[in-house]
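K.L.:
my questions concern the predicted model and sequence given below.
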Amino acid sequence: MKTVHDITYDLLRQHGIKKVFGNPGSNELPFLNNLPDDFEYILTLQEAVAVGIADGYAQALGTPALVNLHSAAGTGNGMGALANAWNAHSPLIIMAGQQNRAMLGIEPLLTNVDAAFLPKPLVKWSHEPASPQEVPYTMSRAIHTALSDAPGPVYLSVPYDDWEKPLNEDLTALTKRKVKSARALDNNVLAELLDKIHQSINPVVVLGADVDAAQANDYAIELVEKLNCPIWVAPLASRCPFPTNHAAFQGVLPGGIASISRLLDGHDLIIVIGAPVFRYHQFEPGSYLPKGADLVLITCDVNEAARAPIGDAWVSDIKPTLKQLAENVVQRDGVMPELTVAKSVVNITTPLKPETFFDILNDIAPEDSIFVNESTSTTDIIWERLTFKSQGSYYFAAAGGLGFGMPAGVGIQLAKPDRQVFVIIGDGSANYSIQALWTAAKYNIPVIFIVLKNGTYGALRWFADVLGTGNVPGLDVPDIHFSALAEGYGVEAFQANTCEEIKDALNKALTLGKPALIEIETWGKLQDEGLNIHNS
Ligand code: TZD
Ligand code: CA
């Protein structure tokens with residue numbers, strides 16, 4: 001007779017879920033016991049790494065990824081990474097092991113007390129099955145919930161004694177179910193939206209991460225070319241929805257209300273697709289929109305639609321809707337605006353300016369490389385100097401929670417073995433989930449990690465200027481030896497500080513066929529302020 005364990009693995013298999021990312025504890029051992037041969041367990045040394053790798057993997061493939069965490073403590077360690085997954089609409093199934101049902105009421109060690117409550121509000125659905133028989137139904141519902149509507153993480157807590165229980169029901173029909181979400185706009189609603197677009201004299205398009213997540217980039221190009229209008233990437237975008245070498249591409253909008261208004265001034269219609277309106281960061285009071293402008297939003301997320309402070313919103317799936325728009329919008333006359341942004345010219349300095357490094361990287365990186373960015377003070381420079389041409393070329397922490405870059409890079413490389421993944425990470429950010437290096441080494445996942453060392457939390461120094469808080473402790477992180485840490489985790493490391501050393505290290509790393517870390521001292525806010533990177 002089949003057990004809960006057998007049927008749950010059948011179900012996972014039917015949905016193409018064959019990897020389990022995790023860190024085990026006693027409550028999880030019965031689920032992991034006799035892992036079927038066609039499944040692979042990817043061991044991570046810390047739960048933030050497990051969730052981060054699964055997030056990268058799920059985002060890169062657009063399929064659900066299963067994470068197995070240890071009770072409340074393991075869930076807690078993964079919560080920062082869950083914030084990023086939640087904001088990225090990443091379809092994660094997080095399953096935590098629970099204590100034995102027979103003892104739950106008296107709260108033995110490693111009980112996940114009020115388990116379903118713990119991960120809220122960072123999950124779409126959270127549940128602990130009331131009986132072992134309910135486990136496969138719960139897993140089935142979790143998978144469908146994570147994937148459909150606006151995708152996002154879900155959470156399950158399963159008592160460990162459930163797995164060996166026999167199940168004499170035939171659940172073949174359950175394991176085969178499909179739930180499809182492919183909403184386009186109905187004709188009336190589409191006509192209303194097209195009307196607004198056709199009446200506009202000077203429209204502008206703003207695209208967000210969900211266009212890339214929906215793999216709708218080609219329809220976005222078609223729409224923009226038909227509208228003959230400029231396109232901006234939405235502020236703090238966690239993915240790149242549009243080729244940055246296209247003539248219509250203007251750059252990434254900043255995260256301030258007044259700045260966005262200023263940059264979009266002159267447009268009478270702002271068409272936002274696949275992004276919240278907007279993800280602001282620094283508080284810059286002002287008017288949400290430039291004078292005379294209207295805004296329309298197309299989003300897969302009803303919460304994004306409801307909470308936008310301005311504009312009408314259409315809730316539908318991004319790919320079919322972009323296709324509809326691209327097909328039905330009338331070709332506008334006029335010439336495509338010329339790409340106006342000229343790259344700044346930067347002198348060779350010691351240490352090197354990040355601009356110089358990104359130019360080298362852009363030259364050497366293979367054509368379809370994937371870049372994961374967690375170098376917070378250089379994000380604008382990265383968008384200026386690196387070229388993102390194809391779908392799935394750029395990733396950034398969607399909630400701004402550090403500790404995303406290294407594990408996400410590992411997960412993305414695992415999902416996309418034919419494309420080279422580079423993780424570009426600051427010397428502050430590299431410490432939050434550095435154990436990802438061990439998983440990269442042990443499973444031979446050939447990510448190239450590049451640590452930019454400016455000795456400080458550069459972005460916070462910038463923010464301290466914005467807020468006028470010039471006297472804050474704890475902003476510097478001098479003297480961390482990342483090559484030694486990498487070698488300690490089994491990853492080959494290079495220290496490179498000049499242009500020649502960097503080219504050499506990149507070329508060597510690209511031929512290794514295994515993960516590598518390159519540590520580079522770079523110019524940052526400390527040098528601008530005349531301070532030294534060491535012992536500041
Ligand atoms: N902790 C977590 C989990 N997420 C955060 N975003 C922060 C702290 C705050 N924080 C930022 O938002 S940026 C930043 C911190 C500490 C500095 C990162 O420094 P870095 O990069 O060295 O990685 P730069 O280029 O020097 O800014
Ligand atoms: Ca730094």
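P.N.:
Now that the structure is in, tell me what you want to look at. Numbering: from 1, shown residues only. Ligands and ions are numbered 1, 2, ... in the order given.
K.L.:
what's near enough to touch the residue nearest to residue 318 when sequence neighbours are not counted?
P.N.:
What sits nearest to residue 318 in space, not counting adjacent residues and going by CB to CB, 6 or more residues apart in numbering, is residue 214, at 3.9 Å. Placement of C-beta: from N, CA and C, glycine included. For residue 214, the contacting residues are 62, 274, 300, 317, 318, 319, 322, by CB atoms under 8 Å, 6 or more residues apart in numbering.
K.L.:
only the buried subset of these, as a PyMOL command please.
P.N.:
To isolate the buried members of these in PyMOL, using 16 or more other CB atoms under 10 Å:
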select buried, resi 62+274+300+317+318+319+322
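K.L.:
now, which of the contacts of residue 214 lie within helices?
P.N.:
Members of the contacts of residue 214 lying in helices (criterion: DSSP state H): 318, 319, 322.
K.L.:
surely the first one meets residue 301?
P.N.:
This points to residue 318. No - Residue 318 is beyond contact range of residue 301, at 10.0 Å (criterion: CB atoms under 8 Å).
K.L.:
intersection of neighbour lists for these two?
P.N.:
In contact with both residue 318 and residue 301: residue 210, using CB under 8 Å, 6+ apart.
K.L.:
skip the chain neighbours and tell me the closest residue to the residue in the chain that ligand 2 sits nearest to.
P.N.:
Nearest to ligand 2 in the chain, going by CB to the ion, is residue 426, at a distance of 3.9 Å. Closest residue to residue 426 apart from its sequence neighbours, by CB to CB, 6+ apart: residue 375 at 4.6 Å.
K.L.:
let me know the pLDDT of the one you found.
P.N.:
We note a pLDDT of 98 for residue 375 in this prediction.
K.L.:
check contacts around it.
P.N.:
Residue 375 sits next to 354, 382, 424, 425, 426, 429, 452 when contact means CB under 8 Å, 6+ apart.
K.L.:
out of those, which are inside helices?
P.N.:
Going by DSSP H, the helices hold 354, 382 from those.
K.L.:
nearest to ligand 1 among the contacts of residue 375?
P.N.:
Of all the contacts of residue 375, the one with the least separation from ligand 1 (CB to the nearest ligand atom) is residue 426, at 2.2 Å.
K.L.:
test my guess that that closest one contacts residue 377.
P.N.:
Yes - the criterion here is CB under 8 Å, and residue 426 meets it with residue 377 at 7.0 Å.
K.L.:
give the residues shared as contacts by those two.
P.N.:
By CB under 8 Å, 6+ apart, the residues touching both residue 426 and residue 377 are 454, 458, 459.
K.L.:
ok, which of those residues also contact ligand 1?
P.N.:
Restricting these to those within reach of ligand 1 (CB under 6 Å from any ligand atom) leaves 454, 458, 459.
K.L.:
if we can go back for a sec, quick one: the residue nearest to residue 426 and ligand 1, what's the gap?
P.N.:
Residue 375 sits at a distance of 5 Å from ligand 1 (criterion: CB to the nearest ligand atom, to the nearest Å).
K.L.:
same check on residue 256?
P.N.:
Counting by CB to the nearest ligand atom, the gap from residue 256 to ligand 1 is 16 Å.
K.L.:
correct me, but that residue touches residue 281?
P.N.:
Yes - assessed by CB under 8 Å, residue 256 is found in contact with residue 281 at 7.2 Å.
K.L.:
so if I had to pick from the two, which one is more boxed in?
P.N.:
Applying other CB atoms under 10 Å to residue 256 and residue 281 shows that residue 256 carries more neighbours, namely 20 against 14.
K.L.:
any idea how far the more buried one is from residue 100?
P.N.:
Distance of residue 256 to residue 100, given as CB to CB, to the nearest Å: 52 Å.
K.L.:
how far away is residue 448 from residue 385?
P.N.:
Separation of residue 448 from residue 385 (CB to CB): 17 Å.
K.L.:
kindly report the same for residue 489.
P.N.:
29 Å.
K.L.:
and the strands in the stretch 401-536 of the chain?
P.N.:
Counting by DSSP state E, counting those that start in this stretch, the stretch 401-536 of the chain has strands at residues 421-426, 448-453, 492-495, 516-521.
K.L.:
likewise for the stretch 101-250 of the chain?
P.N.:
Using DSSP E, counting those that start in this stretch, the strands of the stretch 101-250 of the chain run over residues 125-127, 154-159, 203-207, 231-233, 249-252.
K.L.:
turn these into JSON lines, columns for mean neighbour count, mean pLDDT and distance to residue 464.
P.N.:
Converted to JSON lines, these look like this (neighbours: other CB atoms under 10 Å; pLDDT from 0 to 100; distance: least, CB to CB, whole Å):
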{"stretch": "strand 125-127", "mean neighbour count": "19", "mean pLDDT": "98", "distance to residue 464": "37"}
{"stretch": "strand 154-159", "mean neighbour count": "26", "mean pLDDT": "98", "distance to residue 464": "36"}
{"stretch": "strand 203-207", "mean neighbour count": "26", "mean pLDDT": "98", "distance to residue 464": "29"}
{"stretch": "strand 231-233", "mean neighbour count": "25", "mean pLDDT": "98", "distance to residue 464": "26"}
{"stretch": "strand 249-252", "mean neighbour count": "20", "mean pLDDT": "96", "distance to residue 464": "22"}
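K.L.:
quick one, which of these is nearest to residue 197?
P.N.:
strand 203-207 (6.5 Å; CB to CB).
K.L.:
partner strands of the closest one and their direction?
P.N.:
Partners of strand 203-207 in the sheet, by DSSP bridges, are strand 231-233 (parallel), strand 269-273 (parallel).
K.L.:
hmm, who's touching stretch 307-314?
P.N.:
Contacts to stretch 307-314, defined as CB under 8 Å, 6+ apart, come from residues 185, 189, 193, 270, 272, 276-277, 288-289, 294-299, 304-306, 321.
K.L.:
what is the neighbour count of whichever residue of the stretch 251-400 of the chain sits closest to ligand 1?
P.N.:
Proximity of the stretch 251-400 of the chain to ligand 1 (CB to the nearest ligand atom) peaks at residue 377, 3.2 Å away. Neighbour count of residue 377, defined by other CB under 10 Å: 22.
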